[in-house]
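K.L.:
The sequence isn't on hand, but the structure is:
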């Protein structure tokens, strides 16, 4: 049999590279992280081969400071060895974003906003000329072609309400760097009925990422 004929029509799906980010300080029992686990399992059940890299933001990103600002605004060719070292972590975090096809971010709402660790990561990766640039028509994100799922849990605040400074903010941040294909999965107001809130979020995940028929039959 001609090997070309035998292989005709057979294609190998490329791996989807997923960068997972966890922002909860409750690393041992985080509801947002458990929902992210569920979401990634559902993506696997679709039959797509994936590779996942994970980063716990509690261990990742210090706050930017004066030396970081000075290094960032120094032209790359003019930076000292110390300045390159200051920006080293930022470069690695941006490298992870460049590597990924898809980002899964799991975060709780803390006091109506994002955890400080997540804000620190945002400040490390939003860099002019690297992940976005300014043009005559305004800022342009440089990480186009990627997508993101954002998993959010809240204690009492409803997502989408006037006191939700998380979901809209995170969608804007991702769009700012060029990632405007985003989904929000929310388990909100968990202090009222955590079980029902989690169930709704799980149902939303199932609806967005239905398992392939062959997986459902297995």
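P.N.:
Arrived safely, thanks for sending. Here the structure is a predicted model, which is why all the values come from computation and not from measurement.
K.L.:
okay, CA-based contacts and neighbour counts for the rest of this
P.N.:
Fine.
K.L.:
Could I get the full set of helices for this structure?
P.N.:
With DSSP state H, the ranges of helices along the chain come out as 3-7, 31-45, 66-72, 81-86, 88-99, 116-125, 167-176, 190-208, 213-217.
K.L.:
Make a markdown table from these and add mean pLDDT and distance to residue 132 to it.
P.N.:
Listed next are these as a markdown table, based on pLDDT from 0 to 100; distance: least, CA to CA, whole Å:
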| stretch | mean pLDDT | distance to residue 132 |
| --- | --- | --- |
| helix 3-7 | 42 | 42 |
| helix 31-45 | 95 | 27 |
| helix 66-72 | 96 | 13 |
| helix 81-86 | 96 | 19 |
| helix 88-99 | 96 | 11 |
| helix 116-125 | 96 | 10 |
| helix 167-176 | 97 | 7 |
| helix 190-208 | 95 | 29 |
| helix 213-217 | 51 | 40 |
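K.L.:
As TSV, those with mean neighbour count and distance to residue 110 would be great.
P.N.:
Output for these, formatted as TSV (neighbours: other CA atoms under 10 Å; distance: least, CA to CA, whole Å):
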stretch	mean neighbour count	distance to residue 110
helix 3-7	8	53
helix 31-45	20	12
helix 66-72	14	26
helix 81-86	14	28
helix 88-99	17	23
helix 116-125	19	9
helix 167-176	18	12
helix 190-208	16	13
helix 213-217	10	37
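K.L.:
ok, residue 156 - contacts?
P.N.:
Applying CA atoms under 8 Å, 6 or more residues apart in numbering to residue 156 gives the contacts 188-192.
K.L.:
Contacts only, for the closest residue to residue 131 other than its chain neighbours.
P.N.:
What sits nearest to residue 131 in space, not counting adjacent residues and going by CA to CA, 6 or more residues apart in numbering, is residue 142, at 5.0 Å. Residues in contact with residue 142 (CA under 8 Å, 6+ apart) are 130-133, 177-178.
K.L.:
Tell me how far residue 142 lies from residue 175.
P.N.:
Applying CA to CA, to the nearest Å, the value for residue 142 to residue 175 is 10 Å.
K.L.:
so what's residue 23 up against?
P.N.:
By CA under 8 Å, 6+ apart, residue 23 lies in contact with 56-58, 105-108, 115, 117-118.
K.L.:
for residue 20, that is, sorry about that
P.N.:
Contact analysis of residue 20 by CA under 8 Å, 6+ apart lists 52-55, 103-106.
K.L.:
Same check on residue 139?
P.N.:
Listed by CA under 8 Å, 6+ apart, the contact set of residue 139 reads 132-133, 176.
K.L.:
Same check on residue 153?
P.N.:
31-32, 107-109, 186-190.
K.L.:
same deal with residue 58?
P.N.:
Applying CA under 8 Å, 6+ apart to residue 58 gives the contacts 23-25, 117.
K.L.:
switch the cut-off to 7 Å
P.N.:
Residues near residue 58 by CA atoms under 7 Å, 6 or more residues apart in numbering: 23, 25, 117.
K.L.:
Now do the contacts for the last one.
P.N.:
I take that to be residue 117. With contacts defined as CA under 7 Å, 6+ apart, residue 117 is in contact with 23, 57-58, 61.
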